[in-house]
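Engineer: Below is the sequence, then the predicted model.
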Amino acid sequence: MKRYLPRFSSLSVLVLPIVLGSSLASQAAFAQDKPTPPDRAKIIAAAREIIQAQTYCALITIDETGRPQVRTMNPFPPEEDMTVWMATKTNTRKAEQIRRDARVCLYYADHKNATGYVAITGKAELIDDKTEIQKRKRAYWDQAFPPGLEGLVLIKVIPEKLDVLNYKAGVVADSVTWRTPSIAVGTETK
């Protein structure tokens with residue numbers, strides 16, 4: 001049985017190592033170009049700027065079939081650790097969904113001006129402590145939750161991850177992947 005070996009021209013013999021060498025060199029250079037970690041303070045400041053400009057946010061929960069459900073909410077400004085509070089009635093679908101699956105996302109954006117957006121991913125807790133409710137009471141709650149704030153529960157969103165896009169602050173997506181800057185928050189910030 002006769003074996004056939006590929007025939008290389010003298011040009012192939014010269015070019016092949018150059019091509020392979022440059023390919024390996026570019027792979028090594030690419031491996032060294034690891035993305036720099038995002039500037040945590042800059043991302044949090046950029047997030048606060050977007051959030052402060054909004055009256056409302058979207059609260060995304062997971063329903064009993066595993067599908068996301070979205071509704072507009074009127075949250076309080078985030079606390080120092082980016083924890084966010086809001087109110088609802090105890091018998092709403094969102095409260096039922098949070099009892100079943102605490103994973104939520106808050107989404108803040110100004111679509112009219114396209115300034116960017118903030119997504120806070122975390123876990124929600126339902127708080128029915130009367131002292132906490134009175135501490136956070138808003139004037140319109142007397143009409144929304146009569147009589148005497150009966151049936152009101154606070155939603156406390158404990159953040160785990162923050163995704164931020166803020167053009168004015170220079171917090172922008174990766175030019176190749178379009179991935180938005182993201183940082184872990186919550187217990188990691190302490």
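Structural biologist: Okay, I see it.

Engineer: Quick check: closest non-adjacent residue to residue 169.
Structural biologist: Nearest residue to residue 169 in three dimensions, chain neighbours excluded: residue 46, at 3.9 Å (CB to CB, 6 or more residues apart in numbering). (Glycine included, C-beta is placed from N, CA and C.)

Engineer: burial count for that neighbour?
Structural biologist: For residue 46, the tally of surrounding residues (other CB atoms under 10 Å) stands at 24.

Engineer: Over to it: give its phi and psi.
Structural biologist: In this entry, residue 46 is assigned phi and psi values of phi -60, psi -40 (degrees, to the nearest 10).

Engineer: Now do the contacts for it.
Structural biologist: 116, 164, 166, 169, 170, 171 (CB atoms under 8 Å, 6 or more residues apart in numbering).

Engineer: Return the distance of the nearest residue to the last one once chain neighbours are set aside relative to residue 133.
Structural biologist: Spelled out, that is residue 171. Excluding its sequence neighbours, the residue lying closest to residue 171 (CB to CB, 6+ apart) is residue 46, at 4.1 Å. Here residue 46 is placed at a distance of 31 Å from residue 133 (CB to CB, to the nearest Å).

Engineer: Give me the mean pLDDT for the strand ranked longest in the chain.
Structural biologist: Taking DSSP state E as the criterion, the chain has its longest strand at strand 152-166. Average pLDDT, strand 152-166: 97.
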